[in-house]
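Q: Predicted model and sequence below, questions to follow.
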Amino acid sequence: MALKSTDMAKNMAKKLDGSLKSESLPDRFGQASKVQNNKRERAAEIPASKLVPVNYRLPADLVSRLREHAVSTDEGINQVVATALNDWLNTQTKK
């Protein structure tokens, strides 16, 4: 006996519904959502250093020197640039 088109549609809908129910929940729901909250809590615990994003354009050779220095001293490039700017400002105020 052949199935009617409505019966075939019902069977396909049941298969689709079953496959949707069997899929796991995305990470933003359930137990995994607690991990994201922990990241937010840890970010709040970081000392309030008030880092401000700054965009600037530098010559390519200077950037490569900064990167090499950051790698050789095991510091991040942000720390290297901050140290260089701080040293420069200190020399400017002493004049």
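A: Done, it's in. Residues are numbered from 1 along each chain as shown.
Q: Tell me which other helices or strands the helix or strand containing Asp61 touches.
A: Secondary-structure element containing Asp61, defined by DSSP states H and E: helix 60-72. Helices and strands touching helix 60-72, by 3 or more C-beta pairs under 8 Å, 6 or more residues apart in numbering; DSSP states H and E, are helix 77-94. To be clear about C-beta, it is placed using only N, CA and C from the backbone, and glycine gets the same treatment.
Q: what's the average pLDDT for the helix it packs on?
A: When pLDDT is averaged over helix 77-94, the result is 90.
Q: Please apply the same query to stretch 14-26.
A: pLDDT averaged over stretch 14-26 gives 78.
Q: One more: stretch 54-73?
A: Per-residue scores along stretch 54-73 average to 91.
Q: For it, buried residues please.
A: Ala70 (16 or more other C-beta atoms under 10 Å).
Q: which residues are contacting that stretch?
A: 76-77, 79-81, 84 (C-beta atoms under 8 Å, 6 or more residues apart in numbering).
Q: Go again with 6 Å.
A: Stretch 54-73 has contacts (C-beta atoms under 6 Å, 6 or more residues apart in numbering) with 77, 80.
Q: CA atoms of that stretch as PDB?
A: Provided in PDB are the C-alpha atoms of stretch 54-73 (Å, rounded to 0.1, in the frame of the first residue of the first chain):
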ATOM      1  CA  VAL A  54      44.800  53.000  21.000                       C
ATOM      2  CA  ASN A  55      45.200  52.800  17.300                       C
ATOM      3  CA  TYR A  56      48.300  54.200  15.700                       C
ATOM      4  CA  ARG A  57      50.400  53.700  12.600                       C
ATOM      5  CA  LEU A  58      54.000  53.000  12.800                       C
ATOM      6  CA  PRO A  59      56.700  52.300  10.100                       C
ATOM      7  CA  ALA A  60      57.000  48.600   9.300                       C
ATOM      8  CA  ASP A  61      60.700  48.400  10.300                       C
ATOM      9  CA  LEU A  62      59.800  49.900  13.700                       C
ATOM     10  CA  VAL A  63      57.000  47.400  14.200                       C
ATOM     11  CA  SER A  64      59.300  44.500  13.300                       C
ATOM     12  CA  ARG A  65      61.900  45.700  15.800                       C
ATOM     13  CA  LEU A  66      59.200  46.000  18.500                       C
ATOM     14  CA  ARG A  67      58.000  42.400  17.700                       C
ATOM     15  CA  GLU A  68      61.600  41.100  17.900                       C
ATOM     16  CA  HIS A  69      62.100  42.800  21.200                       C
ATOM     17  CA  ALA A  70      58.800  41.500  22.500                       C
ATOM     18  CA  VAL A  71      59.800  37.900  21.600                       C
ATOM     19  CA  SER A  72      63.300  38.200  23.000                       C
ATOM     20  CA  THR A  73      62.100  39.500  26.300                       C
END
